[in-house]
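Trainee: what's the 3D shape of this:
(chains A, B, C and D)
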Number of protein chains: 2
Amino acid sequence: MKTLALLQPICCASDTPPMPRAAAEDLARAFKALADPTRVAIVNRLSTTEEVCVCDLTAAFELSQPTISHHLRILRDAGLVEAEARGTWAYYRLVPDAIERLRGVFAVAV
Amino acid sequence: MKTLALLQPICCASDTPPMPRAAAEDLARAFKALADPTRVAIVNRLSTTEEVCVCDLTAAFELSQPTISHHLRILRDAGLVEAEARGTWAYYRLVPDAIERLRGVFAVAV
DNA sequence: TCCCTTCATCGATGGATATCAATATTGAGG
DNA sequence: CCTCAATATTGATATCCATCGATGAAGGGA
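Mentor: Sure thing, here's the model as predicted:
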């Protein structure tokens, strides 16, 4: 029998010491970065293509260029993606460790 | 060598058909429910205790009772938790399938 | 029936956020 | 240099959201 343990690895034992506020805020920040359809789609795109040019994103989504840039900044500030400027273009990639960390949050205890 | 595939299972191949908007909105809704420190902490608490009374939550967090009730409603609307009224009290539990689904989103492709 | 406890809902409010147009910035080519 | 193309930043705005106090609803006990 498996016991679901969402967010458990962050916290401690199974009695009742509450999750530290800092940890909760930290995780909420990450989820907030994913709490928008456009950003979810961007991250999905990044997960399929290794690296993506901003120009491709502005072409793919029916949103203005500043709006796309805004979403990319939020994902960058959250540490979920990283940018690299090459010439006039900017390329974005996922940050594997950040994703791995989120995956760990939903771990299943046996 | 492992390739991270965040949100990949939701989408399709690895060329470029974009993630369906409906799927992105659906996922964003779930993440939005977790995009608040209090709700993260509530879910964490639920993950350690099988079932929790609302009165325990209002006691554990330094927030007003309506605010806790508000957060619980958001988690309920997102399908992440479910409530059961027993007498004067209300008990909340995690919905395992919803958690499992989110866990699957962060799957790792080999 | 009356009151108390538990929880949900309502209404209001201050702060965050998604969006765009306009502007700044930076690199490449001529 | 001068201009164009690609991104980022700024400023403005409309909407959303977290929070609280007040109120409502419903059960339990005297």
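
Trainee: check contacts around A:Pro18.
Mentor: A:Cys11, B:Ala41, B:Asn44, B:Arg45, B:Ala60 (Cβ atoms under 8 Å, 6 or more residues apart in numbering or on different chains). C-betas here are computed from N, CA, C, even on glycine.

Trainee: next: A:Val40.
Mentor: Here A:Val40 is in contact with A:Leu34, B:Leu7, B:Met19, B:Ala24, B:Leu27, B:Ala28, B:Phe31 (Cβ under 8 Å, 6+ apart).

Trainee: check which helix or strand it maps to.
Mentor: Using DSSP states H and E, the element containing A:Val40 is helix A:37-49.

Trainee: what about that helix, near DNA strand C?
Mentor: Yes. With Cβ under 7 Å from any atom of the strand as the criterion, DNA strand C is reached by helix A:37-49 at A:Thr38.

Trainee: spell out which residues of chain A are next to DNA strand D.
Mentor: Near DNA strand D, when you scan chain A using Cβ under 7 Å from any atom of the strand, you find A:53-55, A:58, A:65-66, A:69-70, A:72-73, A:83, A:88-90.

Trainee: surely A:Leu27 and A:Val105 touch.
Mentor: Yes. Using Cβ atoms under 8 Å, A:Leu27 makes contact with A:Val105 at a distance of 6.6 Å.

Trainee: got the buried residues for stretch A:88-100?
Mentor: Using 16 or more other Cβ atoms under 10 Å in any protein chain shown as the burial criterion, the residues of stretch A:88-100 that qualify are A:Ala90, A:Tyr91, A:Tyr92, A:Leu94, A:Val95, A:Ala98, A:Ile99.
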